[in-house]
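In: Dropping the sequence and predicted coords here.
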Amino acid sequence: MRRTAENKLKVVAVRVEPAIEQRLRLLAEVTGHKQSFFLQQMIERGIAQMEETWLPPDMLEQARGGSLQRRQPASDATPDLFSNLAD
């Protein structure tokens with residue numbers, strides 16, 4: 001799939017315990033893949049279970065059907081990891 005402005009990948013930052021980072025780094029070093037490859041695989045393979053556990057059934061149906069409207073971030077949330085660099 002060719003990347004366009006609408007479907008380009010987004011950056012997400014996450015903090016993990018040092019032991020998890022070490023395991024991830026080992027996977028990357030041994031296989032020659034990047035750490036981000038494995039993180040993306042884990043998210044793609046695990047998000048369905050998280051949705052089933054945490055989303056209400058009607059919202060889950062909308063999310064999987066592609067009809068869920070984009071939610072506005074909470075007023076105290078930082079919408080972008082780098083949004084405050086221009087300040």
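Out: Received the coordinates, thanks.

In: how far away is residue 7 from residue 20?
Out: 29 Å (CB to CB, to the nearest Å). C-beta here means a position set from N, CA and C on the backbone, and glycine is covered the same way.

In: Of these two, which one has the most company?
Out: Higher neighbour count among residue 7 and residue 20: residue 20, with 11 against 8, using other CB atoms under 10 Å.

In: In terms of helices and strands, where is the more buried one?
Out: Per DSSP states H and E: residue 20 is located in helix 18-31.

In: tell me which strands and helices the helix or strand that that helix is followed by is in contact with?
Out: Downstream of helix 18-31, the first helix or strand assigned by DSSP H and E is helix 35-54. Applying 3 or more CB pairs under 8 Å, 6 or more residues apart in numbering; DSSP states H and E, one finds that helix 35-54 makes contact with helix 18-31, helix 57-65.

In: And those: which comes nearest residue 45?
Out: Evaluated over the helices and strands packed on helix 35-54, closeness to residue 45 peaks at helix 18-31, with 14.2 Å, by CB to CB.

In: between that closest one and helix 35-54, how many degrees?
Out: Orientation of helix 18-31 against helix 35-54 (axes from the mean of the first three to the mean of the last three CA atoms, to 10 degrees) gives an angle of 130 degrees.

In: Show me what helix 18-31 packs onto, helices and strands only.
Out: Partner elements for helix 18-31 (3+ CB pairs under 8 Å, 6+ apart): helix 35-54.

In: Give me the distance from the helix it packs on to the chain's centre.
Out: Relative to the centre of its chain, helix 35-54 is centred 8 Å away, using CA atoms, centre = their mean, to the nearest Å.

In: For the worst-scoring helix or strand of the chain on mean pLDDT, buried residues please.
Out: Least confident helix or strand of the chain, by mean pLDDT, DSSP states H and E, is helix 57-65 with a mean of 91. Neighbour-count burial for helix 57-65, counted by 16 or more other CB atoms under 10 Å, picks out residue 60.

In: next one: stretch 27-44
Out: Residues of stretch 27-44 classed as buried by neighbour count (16+ other CB under 10 Å): 28, 38.
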